[in-house]
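Trainee: A predicted structure for the sequence below; I have some questions about it.
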Amino acid sequence: MKYIYKIGSLVVIVLSIFSCEDVLVEDPPSNISLSSFYQSETDALAGLYGAYSNIYGFYGTTTMQYGEMNADDMTVSPLVSDNFSWDEFTYNSDVTGGIWSNGFSGINRANEVIFYTDRIDFDPERKADLIAEAKALRALYYFNLVRAMGGVPLYETPTIGFDAVMAPRATEEQIYELVIRDLTDAATELEGTNAAGRIGADAANALLARVYLYRGDYANALIHAKNVINTQRYELFDDYADAFTPENDNGIEHIFQVQYLTGERNSGIPGNFGPRAPSGPYAKSFWAGTVVGGSYAPSPEFVAENPTSYRRSVTLADSYEHIDGVTGTITMEEVYGGTFPYYISKFDDREAEFLSGLNFTVIRYADILLIAAEALNEESPADDDKYTWINLVRERARNGVETDLPDLSGLTQDQFRTAVLEERRFELAFEGQRAWDLKRRSQFLTRLRAQGKNVEDYMLLFPIPDTQRKLNTSLTQNLGWEVE
Amino acid sequence: MANVGIASIGIIQSTNWLAEYTLNYKKSFGTDHRIIALAGYTVQTRQTESVFSESDDFFTDKLEYNNLGVGSNPRPSTSNTVETGLLSYIGRLNYILKDKYIFTGTIRRDGSSKFGDDNKWGVFPSAAVAWRLGDESFMQGLKIFSDLKVRSSFGLTGNQNIGSYSSLALYNSVRTIIGDGPVIGLVPNKIPNPDLKWEKTSQFNTGIDMELLEGKISFSVDYYIKRTSDLLLNVSIPNQSGYGSSTQNIGEVENKGFEFSLGLNNSFGAVKWNSNFNISFNRNKLVSLPEGTDELIFSLGRGESAHGHSIALPGQPLGLFYGYHFEGIWQSEEEIIAAGNIVGGLNRPGLVKYADLNGDGFKQNDGDREVVGNPNPDFIYGFSNDFTYKNFNLSIFINGSYGNEIADLNRIGLLAQPQKHNVYQQVFDERWTGPGTSNTIEAPLTNAGEWKNFSDRDVLDGSYLRVKTINLSYNLPVSSWAVDWFRSAMVYVAADNLITITNYTGFDPEVDLYSGSNAQLGVDNGAYPKSKSIRIGVKLGF
């Protein structure tokens, strides 16, 4: 009997040893792992949505820092100084850390979609579309990186091991080559329009027009701007103000917008412009009774040079209505004591403030018309289509007041060049285009120095983040940004 | 009205399963040889399941978190399950020769689910030898030592203190907006690292234990040297990979030191006094990092205080705090300009003046940071005393640490105003209100992010001496009562953490946010401090 017990317990032990080896096998119950992902079309779509989520790191307040606060028309409001370094060029060589990590995260996610979707078995047409869309997203992220920092490391495949994490910078040319190749693929492959917030062929064409404009390749900029115009799917809103209200999100003029939804993902843009009484939790804090917010203010030059028009009155306001139980109107004189008589009212969403659902426009039809006009002026200055396009924008802007912003005609090529840049300045004001327009037209340094800004030649390019250079010593720094 | 109240409930359920099988074997050969052998096998699994749910917009707070359905704006619920497994085979052999020479050999083979597929197993042998020198005939003549033992050991141990799935690439869900509303996207969370393996420590230890005067005095001293290689660290990797960090086996660390222990066991008349004092001196340093890596920087803190850093530099102790040097408060624009800065943003009268270490003005550059503190103590000590007089017993235990510094990251949030919440009284009392008014606390200006700067202002002396426990008890003379079912009765009063002597101004010098981390030491950030407590009790034995 004792013998049987011994044998029995031995059997139990041996069995449990053998059956227990599998406790070392990891099969995460609540996460999908690489081996179980990218099996179906819906998986590929989920991967693509993941890649889209990085878009928020480039637009909204980031656009304002790189494209506006860093240029001549926007300055830092005296009430809030968190954008001071952008305004005064005192940022350090880590200023680009945010777009660097967000950009490469998005690029890697897009690369995963491009790489793995190919091996999934589903409808070839939809598969090709999905891959093309991921390429367009990769291009958009690379475009944002290259225009800020020049050449950056080039990845066309996802990071699977540690071999490629120390890659050096590619050249600016190589990055633009990929951006143009990817966007061209998307413009060729995709349907014209896509779901709101997703890139279709029209958005790809519009972005290509912008990229070629930056490159000074006006012939191609014109081709792709006309590709968009010729679809006849887009037109200007009758009212300039309509382009910037949440009710008109994804409207007839918007070619590509980043999506916001109150409560789910709030836009900080409307709240960051106008000054206001404290709201929400701040209303009861020691801020009560003061006027806060409004990181961004229009520069005196912008206010002085923006010609009188309906468009100007939408863009700038000198007083605002209090909300949150405080009645009455407050003038900007009272708020800023005269230093800034205006605030940027273009994106007002006073009921929602920081909880706004206003989409952020990446590119809209007015921009395409102005790109077409500018490119045509370079390619065939005698072609009068350029007046048709720019005057469409001016006509809408003057809103029936004939004496404001009269139609342009009979300008020399150089005069038109100046006129279209000014038109972009006021039509696309505070939409993140200004710094890049000045840079591509070589006016950045002169304009900003005329404002007394201490901007050095090398600041035309942003630095490669110094923290990243410590992690990857093969990354070279842009000239002038080397630190001890 | 939006956001009228938020209620949430979270439940964590953990299931641990442990099975241990051991076989023991003892055998003596004659009078001189004894063998004790053990062979064993253990298996452990742990499964942790969590659920979290939250809702907004309540018309009443009466139901608290007990009925989330009353909130009109439910938030997305989350749930998670994590599993780990550990298998061990253990073997131990003791051989005792003539009761004076003791040899011990152990070997264990451990398998952990947390590592890469081909690296789950580690083998960890050790060997020890002890010599009861006091039992030798030539020592017994001396009549000094009632016991004397010399011992030495060498062994290898493993560490698997990382999260589950650290070697796998998993996909996390993110919410983004496409079309009319939110959609779920999946994003990879890290680069798979199938090479992830056990952290290994080799330890050499040697020591002497002695007892003198028939046990009235005992003394022991130990010297050890530990080398830990393949450290499990969550290190930053180039973000161009698409990822920010990765758990890797990296670097080599050395710890060495002495430990002394002195025990006294004496009587003064009717008072018996038992006392033990121990003190240990540990020195640690980072021996090496992989080629091409000069330093590793780790983030410290959580939430709004998550702006601290520590740095690992070869040849230096681990855990060194890394930040800016606080030099006071900018008093005037002239002072700012004279120091090579543009007035505005971070550098405004009334804001903090940090040292410009690299000579380009203060721009929060990495070059403006330096080592600002060391969390490693010079020594730590413990002192216990036990007095017995008749039926009274008094025991006191004191412990402490000397020479260590603490990064009190709570100060990042509580010494600055921009986050619009409570701050220290000191902020109000000492705030800058104009030139010459303060050189310690900045003015309550709207911010340029300057409050996030971790500096030596947040690093404090963490030395302390603490009366950990005091216990006074009285044993009632039960035996004289002649009640046979009543064995003992004791009344006592005890106090924990009653007295702490320290310069540390945080809540508790004995906190450590990252217990178990190799490189993040001495961090105080919202941890619950050890409470003072006084207990009065009766203990009865039947």
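Mentor: Perfect, thanks for sending it.
Trainee: Sketch out the low-pLDDT regions of the stretch 251-400 of chain B for me.
Mentor: By pLDDT under 70, the stretch 251-400 of chain B has no low-scoring segment.
Trainee: Chain A contacts on that one?
Mentor: Residues of the stretch 251-400 of chain B found near chain A (C-beta under 8 Å from any C-beta of the partner chain) are B:292, B:294-295, B:341-342, B:344-346, B:348, B:358-361, B:363-367. Where you see a C-beta, it was placed from the backbone N, CA and C, and this is true even at glycine.
Trainee: number of nearby residues for residue 167?
Mentor: Since you didn't name a chain, this refers to chain A. A:Ala167 has 18 neighbouring residues, counting by other C-beta atoms under 10 Å in any protein chain shown.
Trainee: ah, I was thinking of chain B
Mentor: For B:Ser167, the neighbour count with other C-beta under 10 Å is 23.
Trainee: Show me which of the residues of the stretch 251-400 of chain B next to chain A are buried.
Mentor: Neighbour counting over those (16 or more other C-beta atoms under 10 Å in any protein chain shown) leaves B:341-342, B:344-346, B:348, B:360-361, B:363-367 as the buried ones.
Trainee: OK, contacts around residue 26?
Mentor: Just going to use chain A. Neighbouring residues of A:Glu26 by C-beta atoms under 8 Å, 6 or more residues apart in numbering or on different chains: B:Glu83, B:Ser113, B:Lys114, B:Ser164, B:Tyr165, B:Ser167, B:Leu168.
Trainee: Correction: the question concerned chain B.
Mentor: Contact analysis of B:Lys26 by C-beta under 8 Å, 6+ apart lists B:Arg34, B:Ile35, B:Ile36, B:Ala37.
Trainee: how about the residue of chain A at minimum distance from chain B, secondary structure?
Mentor: The minimum distance from chain A to chain B, using C-beta to the nearest C-beta, falls at A:Asn108 (2.6 Å). Following DSSP: H, G, I helix; E, B strand; the rest coil, A:Asn108 is assigned to helix.
Trainee: Please list all residues in contact with the nearest residue to it once chain neighbours are set aside.
Mentor: Spatial nearest neighbour of A:Asn108, excluding adjacent residues (C-beta to C-beta, 6 or more residues apart in numbering or on different chains): B:Gly242 at 2.6 Å. By C-beta under 8 Å, 6+ apart, the contact set of B:Gly242 is A:Phe104, A:Ser105, A:Ile107, A:Asn108, A:Arg109, A:Asn111, A:Tyr155, A:Pro158, A:Thr159, B:Pro188.
Trainee: roughly how far apart are B:Gly242 and A:Arg109?
Mentor: As for B:Gly242, its distance to A:Arg109 is 7 Å (criterion: C-beta to C-beta, to the nearest Å).
Trainee: Quick check: neighbours shared by the two?
Mentor: Contacts common to B:Gly242 and A:Arg109, judged by C-beta under 8 Å, 6+ apart, are B:Pro188.
Trainee: Sitting in strands, which of the contacts of B:Gly242 do you find?
Mentor: The members of the contacts of B:Gly242 that map onto strands under DSSP state E are B:Pro188.
Trainee: Please tabulate the contacts of B:Gly242 in a markdown table and include distance to B:Phe260 as additional columns.
Mentor: Putting the contacts of B:Gly242 into a markdown table (distance: C-beta to C-beta, whole Å) gives the following:
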| residue | distance to B:Phe260 |
| --- | --- |
| A:Phe104 | 53 |
| A:Ser105 | 52 |
| A:Ile107 | 58 |
| A:Asn108 | 54 |
| A:Arg109 | 57 |
| A:Asn111 | 59 |
| A:Tyr155 | 57 |
| A:Pro158 | 56 |
| A:Thr159 | 51 |
| B:Pro188 | 52 |
